[in-house]
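[1] when you get a sec, could you give me coordinates for this:
(chains A and B)
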Amino acid sequence: MSYASPLIAIVLMLIGGLLLFTLLGKNPLEGFKVFFINPVSDLYGVSELFLKATPLMLIAVGLAVGFRANVWNIGAEGQLILGGVAASAVALYFHESEGAHVLILMVIAGGIGGMLWATIPAFLKTRFNTNEILVSLMLVYVAQLLVSWLVHGPMMDPDGFNFPQSRMFEDSALLPLLSDENRLNLAFVFAIGALLAGYIFMYRSFTGFQMQVAGYAKDAARYAGFSAKRMIWIGLLSGGGMAGLAGMSEVAGPMGQLTEHVSNNYGFAAIIVAFVARLNPVGIFFASLLMALLYLGGEQAQQYLALPSSISNVFQGMLLMFLLGSDVFINYRLRWKEATA
Amino acid sequence: MTSAMDADHAPRLELHGITKIYPSVIANEDVSLSVKQGEIHAVLGENGAGKSTLMKMIYGVAKPDAGEMKWEGEVVQVENPAHARSLGIGMVFQHFSLFETLNVVENVALALPGNPDLKQLAGQITEVSNRYGLPVDPQRLVHALSVGERQRVEIIRCLLQNPKLLIMDEPTSVLTPQAVRKLFDTLRQLAEEGCSILYISHKLDEIQELCHVATVLRDGKVTGDCIPSEETPKSMASLMIGKELPVPEHSAPTELGEIRLQLSRLSKTSEDPFGTDLQDINLEVRSGEILGIAGVSGNGQQELLYALSGEEPVSDAGAITICGKPSGRDFPDRRRSSGMGFVPEERLGRGAVPRMSLTENALLTAHRAGMLKYGMIQFDKISAFAGKCIEDFNVKCGGSEHAANSLSGGNLQKFIMGREILLIPKLLVVAQPTWGVDVGAAAFIRQELIDLRDEGTAILVISEELEELFEISDRIAVIANGRLSPVKKLADTNIDEIGVWMSGMWDQPAPVGAVARD
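    As a prediction, this is how the structure comes out:
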């Protein structure tokens, strides 16, 4: 039954969307077509879908590792920004050099940048038992201010007419494209690799098993002698590392530079992806595509239906709400007044 | 016995042809029984024989697929437990149905109709608990109560509702012999007052002493009725399991080996405000012996077990020495690496992960036995291990891929015991080895423990069942108020003396009939 609820949630989200279009005075069928069909009506559209889904897959699989052990990293957005910043620093430092080492260092820097940001909630949680949900979430806003300061100051393009953005990256600092026809790049291969690795880790490795035990029954994990601190570290670092990598793939991919808007809320959307996917890497693949479609559909709706850009967020919100709602109704039964018979 | 024989009334409860089918198993098939007013009626059967399912249907937790139930002569369909309670049926569950985050009064209030006044209710609870010898503080939070204390709450909760039929699922397993006497007096008194009692227990001597009539279930079917006072425990056991009951062979330990567990001046302040502090506990367990620790639950057993397992380490490393290694500060992982095995009191959620399969649950502690390669799980090896555990310990389940929470309590206990025993630890610490397990399986588990001892394992058993400790221990001690009594050789003591010690009175002169202390 637990696999039914994502499907129910998707159907309810679609129905909710049709109602919303109607209420806004749009033709619901036209709205549906613009939102869900138009973005993927040609091959280029499909490639854009995969491009948008790439950071979501990377982040969601990293988060799922921790979520399975009830380690709630809500700050992937901030970890993504730090990964993007670290990768950009490498790109700018090497901005006149050629060679593959630039990109390799950027990948490493991106991952480490995200992990370092996740180290803060991990350390505070294991040392002082602080709540990782609050700490990681608050660090998102710190990260946003940090990147804003950087692109207004130390990392601003010296020839950029004071626009708050970095220099455009050289080719050696950009992820190679998979084809000349579209913008899909090497990061998509990373994402697929990450999903595979995540699958093996979760379902085949002993550490993955330990984390699942901790998620299902904390006392059993303690009884068996699994270290709770180790799981907190692994959970937060995997989420942070993958978010950092996603940040790198954005600056070295479609953006090609560091700006204040490194992330498109991917860090938060990936949380929804992980839950819709039931923390399963196969599910994450499909849920990421769905979430990417909501992003693209939102852009189309802005263009052709004159709806505000927040329409994407509305759909994301509906999806999460219906998912949690279905879970509640699958696990509990509603009963009308008779309990105190 | 007299009131039970009044034939003027329709039977209080009648079941005809009750059948309940679950996807993988027929839990009850064509079960009929009849309980008269004021009758204490035993339901006997092994684990998985369908006793609990039958009781759940009477109490409205499950619905029968066929058959009818008559209550005081009228056909009824019990919709839910609230309906059952309104009819006058009360039940004490084997798995407790208490809210852990609420205190005792609040839990009791939830089961009562309307909106009872908590202060007044607390007074009633104290009154009932005094009258029936079931001491419990109404203001304590349930999560801080031991298993035995939780059971008292369940019993009190039922008694407060003045039930016409009281269903008791293994109620005495955690009481002292003295408290059992007191409970029996209560139950007899209730029966005299006209209350019928359905009594499920695997303790045949109790059934013989207490019950007027017994219905025996095997594999979901009624295999016979008997008058317990006309039977012997042995004959009832063979009715129940279909063959003679094996009795564990317990020879004296051959020769004592090295000290595998040593506690020296172990003291620990409980992390729970309502817990019991451990005070200055000293003992040693050697290779090739079984040391039993008796005591009424809530006297420090939980704290001692957490300290022994390493789930709550102590500050003094030297207070606990495992296989020669000071281990007081170690977590369970390192203690297990030293060769310790451990079976906790709670099976679901601690000894096993409810939602995981038996195979995965075997991995929980068996992973040291060559089940991993480069950090990857070797699924073929672990499922072979789980299969062996299921087969050797006769765990009734759909297979090793079934989830732990699909097993009955007794079968899961067999699985967890099997898992720890098959690992052949150097030191095994066991809490309540046969709690809720039927007589046949209990005898088997005890025999396995004795065999393991003979292979040289040092075994520490903490149990609230005195008969069991006397059956398997070589030496015995009592824990009361967080202090440990002197340890005695089994031959030098007897049940009466240990029973008195269980109230903490080993510092006083031995009662008449007890052997002098060393």
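[2] all the helices of the stretch 201-341 of chain A, residue numbers only.
    When assigned using DSSP state H, counting those that start in this stretch, the helices of the stretch 201-341 of chain A occupy the ranges A:206-216, A:218-224, A:228-250, A:266-276, A:281-305, A:311-331.
[3] tell me which residues touch A:Glu77, please.
    A:Glu77 makes contacts with A:Val140, A:Ala143, A:Ala243, A:Ser263, A:Asn265, A:Tyr266, A:Gly267, A:Phe268, as judged by Cβ atoms under 8 Å, 6 or more residues apart in numbering or on different chains. (C-beta placed from N, C-alpha, C; glycine too.)
[4] who touches the first one in this structure?
    In this structure, A:Val140 makes contact with A:Ile74, A:Gly75, A:Glu77, A:Gly78, A:Ile81, A:Gly267, judged by Cβ under 8 Å, 6+ apart.
[5] quick one: the strands in the stretch 1-150 of chain B?
    With DSSP state E, counting those that start in this stretch as the definition, the stretch 1-150 of chain B shows strands at residue ranges B:13-22, B:25-35, B:40-44, B:66-71, B:74-76, B:89-92.
[6] could these go into CSV alongside distance to B:Leu141 and mean neighbour count?
    Output for the strands of the stretch 1-150 of chain B, formatted as CSV (distance: least, Cβ to Cβ, whole Å; neighbours: other Cβ atoms under 10 Å in any protein chain shown):
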stretch, distance to B:Leu141, mean neighbour count
strand B:13-22, 35, 18
strand B:25-35, 34, 19
strand B:40-44, 33, 26
strand B:66-71, 36, 16
strand B:74-76, 36, 11
strand B:89-92, 20, 25
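[7] tabulate those strands (JSON lines), appending distance to chain A and mean pLDDT.
    As requested, the strands of the stretch 1-150 of chain B are exported to JSON lines (distance: least, Cβ to the nearest Cβ, whole Å; pLDDT from 0 to 100):
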{"stretch": "strand B:13-22", "distance to chain A": "17", "mean pLDDT": "90"}
{"stretch": "strand B:25-35", "distance to chain A": "21", "mean pLDDT": "88"}
{"stretch": "strand B:40-44", "distance to chain A": "27", "mean pLDDT": "91"}
{"stretch": "strand B:66-71", "distance to chain A": "16", "mean pLDDT": "92"}
{"stretch": "strand B:74-76", "distance to chain A": "14", "mean pLDDT": "92"}
{"stretch": "strand B:89-92", "distance to chain A": "14", "mean pLDDT": "88"}
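[8] ok, of the contacts of A:Val140, which one's closest to B:Ala442?
    Within these, distances to B:Ala442 taken as Cβ to Cβ reach their minimum at A:Ile74, with 49.0 Å.
[9] can you give me the strands in the stretch 151-300 of chain B?
    Listed in chain order, the strands of the stretch 151-300 of chain B (DSSP E, counting those that start in this stretch) span B:165-169, B:196-200, B:213-218, B:221-226, B:259-268, B:278-286, B:290-294.
[10] so which of those strands comes closest to chain A?
    The minimum distance between chain A and these falls on strand B:259-268, with 16.7 Å, by Cβ to the nearest Cβ.
[11] and the angle from the closest one to strand B:290-294?
    Regarding strand B:259-268 and strand B:290-294, their directions subtend 20 degrees when assessed with axes from the mean of the first three to the mean of the last three Cα atoms, to 10 degrees.
[12] any residues touching strand B:259-268, and which ones?
    Contact partners of strand B:259-268, identified using Cβ under 8 Å, 6+ apart, comprise B:277-287, B:303-304, B:307-308, B:312, B:314, B:316, B:318-324, B:328, B:339, B:426-427, B:429, B:457-458, B:460.
[13] how does it look with 6 Å?
    Judged by Cβ atoms under 6 Å, 6 or more residues apart in numbering or on different chains, the contacts made with strand B:259-268 from elsewhere in the structure are B:278-287, B:307, B:314, B:319-323, B:426-427, B:458.
[14] would you mind listing what in chain B touches chain A?
    Within chain B, the positions adjacent to chain A are B:82, B:311, B:331-333, B:336, B:344, B:349-350, B:353, B:355, B:364-365, B:372, B:375-377 by Cβ under 6 Å from any Cβ of the partner chain.
[15] just the buried subset of these, written out for ChimeraX, thanks.
    Written as a ChimeraX command, the selection of buried residues from the residues of chain B next to chain A, which uses 16 or more other Cβ atoms under 10 Å in any protein chain shown, is:
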select /B:311,331,332,336,344,349,350,353,364,365,372,376,377
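[16] just the residues of chain B next to chain A: which are in helices?
    With DSSP state H as the criterion, helices contain B:Ala82, B:Pro332, B:Asp333, B:Arg336, B:Leu364, B:Thr365 from among the residues of chain B next to chain A.
[17] now the chain, which segments are flagged as low pLDDT?
    Let's take chain A. Filtered on pLDDT under 70, chain A yields the residue ranges A:1-2, A:337-341.
[18] nope, chain B
    B:1-9, B:24, B:47-48, B:94-95, B:133, B:147-148, B:173-179, B:244-249, B:253-254, B:508-518.
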